[in-house]
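[1] structural data only, the sequence is not supplied:
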């Protein structure tokens with residue numbers, strides 16, 4: 001692998017400023033924006049997640065950041081959709097904020 005590729009391969013995510021973190025925390029009210037568990041009820045600390053990951057050209061901006069529990073952040077991963085079997089169609093993840101006004105994830109089924 002070229003050196004440049006290795007340097008980018010190990011990069012987890014860009015820096016998220018304290019101001020952006022405060023904005024996301026205030027918006028979430030200490031609730032996971034995916035599963036809606038309260039931070040006080042979670043065993044692990046909450047994290048700031050890119051809704052659309054940087055590998056899919058998601059930007060580091062409060063509109064693309066979510067306050068998430070450890071499990072939701074790990075299970076969501078960096079993907080932006082899922083494959084519907086058996087026809088192999090891509091189903092895009094959408095945020096119910098687009099539908100209901102709150103920021104949790106769902107699948108947009110055709």
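    Received the coordinates, thanks. Because the structure is predicted, anything quoted here is derived from the model rather than measured.
[2] any buried residues in the helix ranked longest in the chain, and which?
    Assignment by DSSP state H gives helix 18-28 as the longest helix of the chain. Residues of helix 18-28 classed as buried by neighbour count (16 or more other Cβ atoms under 10 Å): 20, 24, 28. Placement of C-beta: from N, CA and C, glycine included.
[3] cool, and stretch 54-67?
    For stretch 54-67, burial by neighbour count (16+ other Cβ under 10 Å) applies to 58, 62, 64, 65, 66, 67.
[4] which members of those occur in strands, if any?
    Counting by DSSP state E, these place 65, 66, 67 in strands.
[5] can you get me a residue count around the closest residue to the second one other than its chain neighbours?
    Going back to what we said before, that points to residue 66. The shortest distance from residue 66 to any non-neighbouring residue, by Cβ to Cβ, 6 or more residues apart in numbering, is to residue 33 (4.1 Å). Around residue 33 there are 25 other residues, counting by other Cβ atoms under 10 Å.
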